[in-house]
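In: Sequence and computational prediction follow.
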Amino acid sequence: MKHVTNYLSAALMLGVSTMAVEAEDLVVFQQWSSPAEVAALKVLHEAVSAKGINWIDITIPHDTGSSVSLLNLVVGGQPPNIFSENNTGVYRDLAGMGLGRDLREAFAESGALEHFSDAVTKAITIDGEIRKMPLGVHIDGMLYYNQEVAAAADIDPNSWSSLDEMYADFEKIRAAGYTPLAVGAQQWQIGYLMHAMMATVAGPEIYNNVYGGEPDPAALASAEVRSVFEWLRKFQQAADEGSVNRDWNMTTNEVITGKALMQIHGDWMKGEWRAAGKEAGTDFGCIPVPGYKAVAVTVDGWGALGGQSAEKDAAQILFAQTVTDAAVNAAFANVKGATPVRDDVPVDGLDACSKRVIALLGDNDRQVNNPSVTVDSDWSNAIWEVAFNYWSDPAMSVDDAVAALEAQYDVILN
């Protein structure tokens, strides 16, 4: 009864009828709750509703153990039909239960498959099958800055060719009355900053030795990993007092409202700028982290549970084909702050930041995948924990952090 109540409440909040309907009902389990994310959901909701699908929403806000909740719903006999999830391990757990479905044929039939880039196809493929419907492409470590603040501080972020050059301007930014770098000090945000900086500072080889399918313990004490921790400490020391446990979108708002110059985070930040009525190239700028050796790529992936009924299965296929339609994907990406997953979306309609991301994705040698699609989830969570503990404890040294990583490796992977 509790699950039924949750379904009804979620449906009423979205204005979805829970009475008898002619359309096929699909329960959608997802994690998006920021203004830009809600706007992006509306695009998808309207598109699938036009196809006769009745979307019943269950929202579990980001970083609340959503994958556990999803599996609990499945095991508890209240499975959703569609779910937002990037973690490869969750899809493998579902496959072990005889659930989840290969969407390759559906995308081939709709014509979407031939328009997915290699990075997108790789991110949605698990054990040789396409298990996810891709919605948007993001760079996990982009730098977004307020152009008015940059002018007031007499700073040009586009001139920075290295992290050292960027950091050298921090004192000048403070002297002008602004926080140099806005950070949301939550475990998942520090974890994302960690792997974004690993890509930036260490490059693809070391990154993949830390976050790959078979991590190499020798990489953990490398000079590159030590440098990542050193930069985390510099960023922690530069953060404002309000950074502790601040949500990512509220951190973005610190930059939008001119309290801070910039934020290094996933480029879904753009959705918050757009929701605030701001435009790329006029109100804000976006660049990869200065001196980057590689960028970490996230593809928003949603799954279809499958194996429930012929009617549900057909509706799930239609859902997947609809949300990856070129026009729908372009509209979604525009409000989400993402870059479209398809290469047949007209570039003329994209803003400066999406064009920058497309240029970055054109260099296959300087991109790596988000850890959620490459690495054991226990190991990824352990890195998050070590990074967050290091961030939160200024007395913790780089040696301590490396030793903590090595200890976690021995427990989880050795």
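Out: That came through, no problem.
In: ranges for the strands of the stretch 51-200 of the chain?
Out: 53-59, 82-84, 125-126, 129-130, 133-139, 142-146, 179-182 (DSSP state E, counting those that start in this stretch).
In: The fourth one pairs with which strands, and in what direction?
Out: When pairing is defined by DSSP bridges, strand 129-130 lines up against strand 125-126 (antiparallel).
In: Contacts made by the strand it pairs with with the rest, please.
Out: 88, 91-92, 95, 131-132 (C-beta atoms under 8 Å, 6 or more residues apart in numbering). All C-beta atoms are positioned from the backbone trio N, CA, C, and that covers glycine.
In: picking up where we left off before, got the strands of the stretch 51-200 of the chain as a markdown table, with mean pLDDT columns?
Out: Formatted as a markdown table, these follow (pLDDT from 0 to 100):
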| stretch | mean pLDDT |
| --- | --- |
| strand 53-59 | 93 |
| strand 82-84 | 95 |
| strand 125-126 | 94 |
| strand 129-130 | 97 |
| strand 133-139 | 95 |
| strand 142-146 | 98 |
| strand 179-182 | 98 |
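In: What residue spans form the domains of this protein?
Out: Taking automatic domain parsing as the reference, the chain has its domains at 2-138+299-363, 142-296+365-412.
In: Just give me the lowest mean pLDDT stretch among the ones you listed.
Out: Lowest mean pLDDT within these: domain 2-138+299-363, at a mean of 84.
In: Show me how far it is from its chain's centre.
Out: Taking C-alpha atoms, centre = their mean, to the nearest Å, one finds the center of domain 2-138+299-363 at 14 Å from the center of the full chain.
In: For the protein, give the strand that spans the most residues.
Out: Taking DSSP state E as the criterion, the chain has its longest strand at strand 295-304.
In: following that strand, which helix or strand shows up next?
Out: helix 310-323 (DSSP states H and E).
In: Can you spell out which helices and strands pack onto that next one?
Out: Applying 3 or more C-beta pairs under 8 Å, 6 or more residues apart in numbering; DSSP states H and E, we find helix 310-323 packed against strand 24-30, helix 35-49, strand 53-59, helix 104-110, strand 133-139, strand 295-304, helix 326-336.
In: Let me know how buried the residue lying closest to residue 118 once chain neighbours are set aside is, in neighbour terms.
Out: Nearest residue to residue 118, sequence neighbours excluded (C-beta to C-beta, 6 or more residues apart in numbering): residue 364, at 6.8 Å. When neighbours are counted by other C-beta atoms under 10 Å, residue 364 registers 10.
In: Residue 299 versus residue 364, what's the distance?
Out: 15 Å (C-beta to C-beta, to the nearest Å).
In: for residue 165, same thing?
Out: From residue 165 to residue 299 the distance is 31 Å (C-beta to C-beta).
In: Comparing these two, which residue is more hemmed in?
Out: Between residue 165 and residue 299, counting by other C-beta under 10 Å, residue 299 is the more crowded of the two (26 against 13).
In: What about the contacts of strand 125-126, which are in helices?
Out: With DSSP state H as the criterion, helices contain 88, 91-92, 95 from among the contacts of strand 125-126.
In: What's the ChimeraX syntax to select whichever of the residues you listed are buried?
Out: Listed next is the ChimeraX selection for buried residues among the ones in helices among the contacts of strand 125-126, using 16 or more other C-beta atoms under 10 Å:
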select :88,91,95
